[in-house]
Structures are given as structure tokens and as C-alpha cells.
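**Q** quick one, fold the following:
(chains A and B)
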Amino acid sequence: DAGVTQSPTHLIKTRGQHVTLRCSPISGHKSVSWYQQVLGQGPQFIFQYYEKEERGRGNFPDRFSARQFPNYSSELNVNALLLGDSALYLCASSPRTDRSYEQYFGPGTRLTVT
Amino acid sequence: AQTVTQSQPEMSVQEAETVTLSCTYDTSESDYYLFWYKQPPSRQMILVIRQEAYKQQNATENRFSVNFQKAAKSFSLKISDSQLGDAAMYFCAYRSANSGGSNYKLTFGKGTLLTVNP
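**A** Numbering: from 1, shown residues only, chains lettered A, B, ... in the order given. As a prediction, this is how the structure comes out:
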């Protein structure tokens, strides 16, 4: 089975622009989480979606938004990009949100804001 | 809020030797999960090992084992017979076992870069 896939792999944007990152979970997984990993740091939680509903949100500004589609794929949107948004964005999927389920990570999208 | 601290930014080990990576965490919860993830240069975050807080027995996965000290809030990773392929960034992570809100999220430390010397 295919793992978590993310697109694009790399992306370069200019300050003030908008970006959309995409994630396809492992087949059968209904929960998707997004993390931001700034260079030299551990990933930080942004959002989690389950069955198309937001189940959790991290400490990120309203410029960050996400949604989940009926096929459980997900998009992360960032408006009015800042230089500080440059990071690796990781998507993780799990079958459910229950305590016992692991999160499986994708390879990430490297976003550079100039 | 929970925090995870990895005090060793970098570690190195000789091939075939043993190395221990340190992790401490802070939480007021009694039920939670702890994880070690490996992130090689390919960026893919790979789960190495997990520990349930209610289990007293330390988890092991082949050459990887943990030393879980709940009272001390310590969770170290031991890699035995180190291999060149073990070279990567290692992250310690915490997840609450309580449902609701953002409790299912992973809270990561800053990572330890492991170098394996031939």
C-alpha cells in the first residue's frame, strides 16, 4: 500500500502570496494532521481533521487554514505569506483519532518564502 | 501544556557500538504515550519505538530499546550495534492519552542529530 503522499515536494513563494499544500492519507485512514517543522526544530502541530471536521488546532494565526475532502485527502492553506512561514510542512495520517492509533508521516513539502 | 526536552543537539557513535539518546518531558497527566521518531535526510519521519505510560516494561524493537522512568519523566533511547543507516535526526515525542480537543497531537522535542562513524 502507498504511504502518505504530499504535493508539491518543493515550493518557492514570495511574501504576501498564498499557498496550498496537499496531502493524501494512507488508504483507509480517516484522520489527517498537519505539522510545521522550521529548520533545526521539531515539528509543531497545526491542525487535525477527522471525517472532514476540524478536531484540533495548534497555536497558529488565522492565516493558516485547512480542510478535508470526502476522500479524506486534505489541503493546508496559508495566506499572506511571511518569511517566517518558510519550513517543512508535514502531513500525518491515522485510521482514527483514538489514543491507540499511530500517526504515519509523509515526506513533507519544503516551502521557501522569499 | 506538555513540553519535551532533548538536551543533546548532536551525538556520535562508532559503527557497531551502543549509543543512548536522552529525553525528558513535563506533564501533569498520568496516562500518555511516548515515541521516538527518526528523520533521515530524506525527511520522512519514521516511528522507531513507542511506550505506553501505563506499562512498566520498557519497550524494545530489535536493536532499539528505551529506558522509561515515569517518576523522573525520563525517556531515553538506546541503539545497540549501531549501523550507518541509523544516522539521522531523532525526535522524542509525547502524546496525551486523553481524548478531545488537541490532545491527540504529538509534541516534539528539538531533536538530536546522530552521526555514525565507520
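**Q** who's in contact with stretch B:6-16?
**A** B:19, B:21-24, B:79, B:81-84, B:91-92, B:109-118 (C-beta atoms under 8 Å, 6 or more residues apart in numbering or on different chains). Backbone N, C-alpha and C define where each C-beta goes, glycine included.
**Q** contacts with chain A among those, please.
**A** Among the contacts of stretch B:6-16, the residues that sit close to chain A (C-beta under 8 Å from any C-beta of the partner chain) are B:F91, B:G109, B:K110, B:G111.
**Q** show me which pair in those is furthest apart.
**A** The distance between the two most remote of these (C-beta to C-beta) is 8.1 Å, for B:F91 and B:K110.
**Q** ok, the two, which is more surrounded?
**A** Between B:F91 and B:K110, counting by other C-beta atoms under 10 Å in any protein chain shown, B:F91 is the more crowded of the two (26 against 16).
**Q** how many neighbours does the nearest residue to A:E51 once chain neighbours are set aside have?
**A** Closest residue to A:E51 apart from its sequence neighbours, by C-beta to C-beta, 6 or more residues apart in numbering or on different chains: A:K30 at 5.8 Å. Close neighbours of A:K30, defined as other C-beta under 10 Å, add up to 16.
**Q** quick one: residues contacting the residue nearest to B:R43 when sequence neighbours are not counted.
**A** Spatial nearest neighbour of B:R43, excluding adjacent residues (C-beta to C-beta, 6+ apart): A:G108 at 4.9 Å. Contacts for A:G108 (C-beta under 8 Å, 6+ apart) come out as A:Q6, A:Q37, A:L88, A:Y89, A:L90, A:C91, B:R43, B:Q44.
**Q** wait, what's in contact with residue 82?
**A** The chain I'm using is chain A. A:R15, A:V113.
**Q** look at chain B instead
**A** B:S82 sits next to B:V13, B:Q14, B:E15, B:A16, B:E17, B:T18, B:V19, B:R63, B:V116 when contact means C-beta under 8 Å, 6+ apart.
**Q** quick one: name whatever helix or strand follows the helix or strand of chain A with the lowest mean pLDDT.
**A** Between all helices and strands in chain A, the lowest mean by mean pLDDT, DSSP states H and E belongs to strand A:53-57, at a mean of 90. Downstream of strand A:53-57, the next assigned helix or strand under DSSP states H and E is strand A:64-68.
**Q** which parts of whatever helix or strand comes next after that following strand are buried?
**A** Using DSSP H and E, the helix or strand that follows strand A:64-68 in sequence is strand A:74-78. For strand A:74-78, a neighbour-count test (16 or more other C-beta atoms under 10 Å in any protein chain shown) marks A:S74, A:L76, A:V78 as buried.
**Q** right, I'll leave it there.
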